[in-house]
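> heads up, no residue letters with this:
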């Protein structure tokens, strides 16, 4: 069964940034990242980040693997 690309048990901003950077670097084909904070309700605590306009990432996507 396919599972979502994710990171869990993040407790501070530094850990969040490091986890996000690793996820993006390992999954360059993902264009939009969704974030969910588990202690919120009624749709609060959700955010997304579209990385299509980040030029260094666009350049990496163009390079052959």
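Here it is on my side, so go on. In this text, all values refer to a predicted model and were calculated from it rather than measured experimentally.

> ranges for the helices of the protein?
13-26, 55-62 (DSSP state H).

> what's the most buried one of these?
Per-stretch averages of neighbours, counted by mean count of other CB atoms under 10 Å, single out helix 13-26 among the helices of the chain, with a mean of 12. (C-beta placed from N, C-alpha, C; glycine too.)

> Quick one: list the elements packing against that one.
In terms of contacts (3 or more CB pairs under 8 Å, 6 or more residues apart in numbering; DSSP states H and E), helix 13-26 is packed against strand 32-36.

> As TSV, the helices of the chain with mean pLDDT would be great.
Output for these, formatted as TSV (pLDDT from 0 to 100):
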stretch	mean pLDDT
helix 13-26	94
helix 55-62	84
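
> Of those helices, which is nearest residue 46?
helix 13-26 (14.8 Å; CB to CB).

> The closest one to strand 32-36, inter-axis angle?
If you take axes from the mean of the first three to the mean of the last three CA atoms, to 10 degrees, helix 13-26 sits at 150 degrees to strand 32-36.

> gap between helix 13-26 and the chain center?
7 Å (CA atoms, centre = their mean, to the nearest Å).

> Stretch 56-65 too?
Centroid separation for stretch 56-65 versus its chain: 17 Å, with CA atoms, centre = their mean.

> contacting residues around it?
24, 28, 29, 51, 52 (CB atoms under 8 Å, 6 or more residues apart in numbering).

> ok now do the third one, which residues does it touch?
Under the criterion of CB under 8 Å, 6+ apart, the contact partners of residue 29 comprise residue 61.

> measure residue 32 to residue 42 for me?
22 Å (CB to CB, to the nearest Å).
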